[in-house]
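Colleague: Fold the following.
(2 chains)
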2 protein chains.
Amino acid sequence: MYSKQPEPLFLNNANMCIATDLYQLTMIAGYFECKKNHRSTFELFVRNLPEKRSYLIAAGLEQAIYYLKNLKFTGEYLKYLKSLPIFKKVSKDFFDYLRNLRFSGDVYAIPEGTIIFANEPIIRITAPIIETQIIETYLLSMMNYQTLIASKASRVVHAAGGRDVIDFGTRRAHGPQAGVLAARACFIGGCTGTSNVLAAYELGIPPIGTVAHSWVMAYDDEYESYEDFHKVFPDNTILLIDTYDTITGARLATGIGKKLKGVRLDSGDITLLSKKVRRILDNAGLRHVKITASGDLNEYKISHMLDKGAPLDSFGVGTEMVTSKDVPALGGVYKLVEQEKEGRLMPKMKFSEDKATYPAKKQVYRFLNNQGMFKKDIVGLVDEVFDANPLLLPVMNKGKLLYKIPTVQQIQRLAKKNISLLPDRFKNLDCKALYPVKISKGLKQVRDKTKRSKGKK
Amino acid sequence: MYSKQPEPLFLNNANMCIATDLYQLTMIAGYFECKKNHRSTFELFVRNLPEKRSYLIAAGLEQAIYYLKNLKFTGEYLKYLKSLPIFKKVSKDFFDYLRNLRFSGDVYAIPEGTIIFANEPIIRITAPIIETQIIETYLLSMMNYQTLIASKASRVVHAAGGRDVIDFGTRRAHGPQAGVLAARACFIGGCTGTSNVLAAYELGIPPIGTVAHSWVMAYDDEYESYEDFHKVFPDNTILLIDTYDTITGARLATGIGKKLKGVRLDSGDITLLSKKVRRILDNAGLRHVKITASGDLNEYKISHMLDKGAPLDSFGVGTEMVTSKDVPALGGVYKLVEQEKEGRLMPKMKFSEDKATYPAKKQVYRFLNNQGMFKKDIVGLVDEVFDANPLLLPVMNKGKLLYKIPTVQQIQRLAKKNISLLPDRFKNLDCKALYPVKISKGLKQVRDKTKRSKGKK
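Modeller: The predicted model follows:
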């Protein structure tokens, strides 16, 4: 099969440079004009896990890396920025600086597909503050969304208990591009394929699909629509049988015979209908024919249908998965944690009510128990030594890529491995369980010292 | 100010052709092979309004038009499709047909910015079914999302009661491209600007922004950070005062003097803090200084703060608006309603449980009361005559654009006009009110006849 993966999705846009918030541009102009372009470290992390989520699956790094590698302010956009009244007192030197700006920083990140928890930096970036600042908006948008969806998909896949889950969500995603990013993140979270052909093409993952109601409606006779489809797709005859009446549809579908591959139910009481349809298929000697369910499914509905004994073989999941409907946004933040001034490293933190942060460059250490299962994490300083795996790996050094970017298939395998090592109580769909993430002694000391230096207790 | 609006956002991608669900491609291959490429009409509409929504604001048409005008299957993508096992029995003729395919249909649509209700077609497309089918996924994704967000923004703007609302959402949008689409939709819904510079550039709308906490944190001294910012942006000094302590921040900010333009509060009890900050500013003779609030705001919080007398002048709204967090997906659907066979028009409908549709080409007629306010709508047949404004206007004829695409500023004005004509009970944030949308006699007759012809009652 033809497949293509030269560059990440949708990121060959020259306009990436201004895909940012205006305040990033005012701040970097300010840093430049005030000679405050100190080497700085920012970390991206989630403060609190969303409701019912006991873990997240990191995703979006590949696109983040591509963005960093290719960031460049070009003529048309510089001209636009110069024209904005807010920049009227900003010197020509700043815009010249911007024109020559390339990302030159050091990047550490937790590989995509890794399970992560609250307060664990997913990516840590060290560079002159102009570079670390300007990239915030894009990084957050890309990593927040993909992490949100990979995590949601993982729940749906868990509910399906080994049955295939296919992403059907593009039509309800937040725009066509979000549909492609969703397909990628769903695959990382364990889906076996996507209906989105562009995503399949870009990522080399299986495109999946058969027919919609309009196929059946385009014929005066339902069975003729089935026969015609079978003629063109003899090895992929999966029929949608609920356009008029599911039971009639199932009986008609058996007319295709042994070559029928599957039927899809998209409406009504799917648990009840699937049992009846299974009986119709079995009685016609079509035990091999699979039943797929779709239609506003989520992890709860799938789990409920399977508990009630619905004989379903796979699930097409759309809206609820690609919008993470119960929790449609991930509150990842990106915070300054350290600056280098006159050769000294100064830890930095924020004290705002409920939004305080931990200062200094951090590392996440993951401890396993005797059975090799995940036991606890410690968020510590980079130079602390623990007998555990550090999760943040070197990705870029002085703007150069050090990291071999894995394929999305490798990322999916890593995620599966991670899920298998996570104790079951963290996979409960209804109850949030708190995975032990401790703050190291060293990090606490730095925080207390930083607080004291600001006159806080 | 430099501004640019040659082509709609992010749509200059050659890969649009396969930005679709696989089943659209299998179906069109089937129609081709089975010689069923009949002229067909599809309509896009929302079956039920989401909870708490009494109206929607149509958005996304400009991008839909651009997509239709530019749809073209190019070599690389055709090669990929041919390589997929599912297409192995499909003839070379089909792929040749695909290579030459351009959108040649007729399009009617309700202009962006118009208030719409359930069961009202937003866009109606008539073309050979291969063309009407292949475009479904992209159209739904684009129009569902922008309509969802324009409608949400309209609620937030309503809650702000004339005060400015600015889109701050890109970092929590579903990817960077969704952030740009959201900025557009929020502007249509009544926002005065966006923090997203790319959206501002593309759409010619005001980019808005000042500083983040990292600006303040990058200085050892908070006041020095204020002074420096003021030096570079003397006419746009809006300071973020909650990094360490809001009250201290406010007192320090007064040091800037008369040229201070505004302060922003991003955390804590904003109602209480804004009152204290207002007093500090007023006592310092800075009555003209505006107070902006941000930080996970939505229509309910804004309404609540204003009810409690919070002296706020504008709002930066992010996550909740750009994800429409309480209702993060719009269930727009796109359904076959009519086919032409052997010179005869055949109405088409779906009978699935809870998903039945109305057949035939429709028009929406909007009736005004004596005061010129919206009174009721009738969804009827295109050839019925009513003394009311038809909302669906001709957009394309045989693939040619007839319609003068309005600017986003014109669309915003139309939306404001529409909102002003909608009676207040439909703007209540908490209670859904049912706007009267009647089905015409003619349409009911066609539906009953179509049902009878399928043996349904």
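Colleague: Identify the residue of the stretch 151-300 of chain A closest to chain B, quick one.
Modeller: Closest approach between the stretch 151-300 of chain A and chain B, counting by C-beta to the nearest C-beta: A:G209, at 3.2 Å. All C-beta atoms are positioned from the backbone trio N, CA, C, and that covers glycine.
Colleague: So that residue sits against B:T26, correct?
Modeller: Yes: checked against C-beta atoms under 8 Å, the pair A:G209 and B:T26 is within contact range at 6.1 Å.
Colleague: which residues does the residue of the stretch 151-300 of chain A closest to chain B contact?
Modeller: Residues counted as contacts of A:G209 (C-beta atoms under 8 Å, 6 or more residues apart in numbering or on different chains) are A:S195, B:D21, B:L22, B:Y23, B:Q24, B:L25, B:T26.
Colleague: Bridged to the second one, which residues?
Modeller: What that stands for is B:D21. A:N196 (DSSP bridges).
Colleague: Any idea how many residues pack against it?
Modeller: Neighbourhood size, B:D21 [other C-beta atoms under 10 Å in any protein chain shown]: 27.
Colleague: cool, the last one as well?
Modeller: When neighbours are defined as other C-beta under 10 Å, B:T26 has 25 of them.
Colleague: now do the third one
Modeller: Neighbour count of B:L22, defined by other C-beta under 10 Å: 26.
Colleague: need the contact list for it.
Modeller: Contact criterion C-beta under 8 Å, 6+ apart gives A:S195, A:N196, A:V197, A:A200, A:P207, A:I208, A:G209, B:I86 as the residues in contact with B:L22.
Colleague: what's the most distant pair in the residues you listed?
Modeller: A:N196 and B:I86 (14.8 Å; C-beta to C-beta).
Colleague: Tell me where the stretch 201-350 of chain A has helices.
Modeller: Secondary structure of the stretch 201-350 of chain A (DSSP state H, counting those that start in this stretch): helices located at A:213-217, A:222-232, A:246-254, A:270-283, A:299-307, A:319-322.
Colleague: Can you tell me which of those helices is most buried?
Modeller: Of all the helices of the stretch 201-350 of chain A, helix A:319-322 has the most neighbours on average by mean count of other C-beta atoms under 10 Å in any protein chain shown, namely a mean of 27.
Colleague: Dihedrals phi and psi, A:G162?
Modeller: With angles defined as degrees, to the nearest 10, A:G162 sits at phi 100, psi -20.
Colleague: Hmm, A:E227 is touching A:I256, no?
Modeller: Yes: with contact defined as C-beta under 8 Å, A:E227 and A:I256 form a contacting pair (7.3 Å).
Colleague: what number of residues lie near A:K258?
Modeller: Per other C-beta under 10 Å, the neighbour tally for A:K258 reads 9.
Colleague: Could you pull up the contacting residues of it?
Modeller: Applying C-beta under 8 Å, 6+ apart, one finds that A:K258 lies in contact with A:G285, A:L286, A:H288.
Colleague: Just give me the neighbour total for the second one.
Modeller: A count of neighbours around A:L286, defined by other C-beta under 10 Å, yields 22.
Colleague: cool, and the one 3 residues further on?
Modeller: A:V289 has 26 neighbours, counted by other C-beta under 10 Å.
Colleague: mind listing what it touches?
Modeller: Taking C-beta under 8 Å, 6+ apart, we find A:V289 in contact with A:L260, A:K261, A:G262, A:V263, A:L281.
Colleague: pLDDT value on it, please?
Modeller: With respect to pLDDT, A:V289 has a value of 98.
Colleague: now, which of the contacts of B:L22 sits nearest A:G309?
Modeller: The shortest separation between A:G309 and any of these is 25.3 Å, and it belongs to A:I208 (by C-beta to C-beta).
Colleague: List the residues that contact the closest one.
Modeller: A:I166, A:T192, A:G193, A:T194, A:S195, A:G316, B:L22.
Colleague: now the residues you listed in CSV, with pLDDT?
Modeller: As requested, the contacts of A:I208 are exported to CSV (pLDDT from 0 to 100):
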residue, pLDDT
A:I166, 98
A:T192, 97
A:G193, 96
A:T194, 98
A:S195, 97
A:G316, 98
B:L22, 97
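Colleague: what's the angle from the lengthiest helix in chain A to helix A:299-307?
Modeller: In terms of residue count, the longest helix belonging to chain A (DSSP state H) is helix A:136-159. Using axes from the mean of the first three to the mean of the last three C-alpha atoms, to 10 degrees, the direction of helix A:136-159 lies 10 degrees away from that of helix A:299-307.
Colleague: right, is helix A:136-159 up against chain B?
Modeller: Yes: with C-beta under 8 Å from any C-beta of the partner chain as the threshold, helix A:136-159 lies in contact with chain B, specifically through A:E136, A:T137, A:Y138, A:L140, A:S141, A:M142, A:N144, A:Y145, A:Q146.
Colleague: Looking at these, state which has the most neighbours.
Modeller: A:Y145 (34 neighbours).
Colleague: so that one makes contact with A:G60?
Modeller: Yes: under the criterion of C-beta under 8 Å, A:Y145 lies in contact with A:G60, with a separation of 7.0 Å.
Colleague: Could you tell me which residues touch both of the two?
Modeller: When contacts are counted by C-beta under 8 Å, 6+ apart, A:Y145 and A:G60 have A:A185 as shared neighbours.
Colleague: what about the residue nearest to A:W215 when sequence neighbours are not counted, which helix or strand?
Modeller: Using C-beta to C-beta, 6 or more residues apart in numbering or on different chains and skipping residues adjacent in sequence, the residue nearest A:W215 is B:M27, 4.9 Å away. Taking DSSP states H and E as the definition, one finds B:M27 inside helix B:22-33.
Colleague: Can you check what angle separates the helix or strand following that helix from helix B:136-159?
Modeller: Reading on from helix B:22-33 to the C-terminus, the next helix or strand found by DSSP H and E is strand B:39-46. Inter-element angle recorded for strand B:39-46 and helix B:136-159: 30 degrees (by the same axes, to 10 degrees).
Colleague: Mind checking if the very next helix or strand once past strand B:39-46 is in reach of chain A?
Modeller: Read in the C-terminal direction, the helix or strand following strand B:39-46 is strand B:56-57, with elements assigned using DSSP H and E. No: with C-beta under 8 Å from any C-beta as the criterion, chain A is not reached by strand B:56-57; the gap is at least 14.8 Å.
Colleague: Need the CA coordinates for the helix or strand that A:L443 is a member of. CSV is fine.
Modeller: For A:L443, the enclosing helix or strand under DSSP H and E is helix A:441-453. As requested, C-alpha coordinates have been extracted for helix A:441-453 and formatted as CSV (Å, rounded to 0.1, in the frame of the first residue of the first chain):
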residue,chain,number,x,y,z
LYS,A,441,12.7,17.1,48.4
GLY,A,442,15.1,19.1,46.2
LEU,A,443,12.3,20.7,44.3
LYS,A,444,10.4,21.6,47.5
GLN,A,445,13.6,23.3,48.8
VAL,A,446,14.0,25.3,45.6
ARG,A,447,10.3,26.4,45.8
ASP,A,448,10.5,27.4,49.4
LYS,A,449,13.7,29.4,48.8
THR,A,450,12.1,31.1,45.8
LYS,A,451,9.0,32.0,47.8
ARG,A,452,11.1,33.4,50.6
SER,A,453,13.1,35.6,48.2
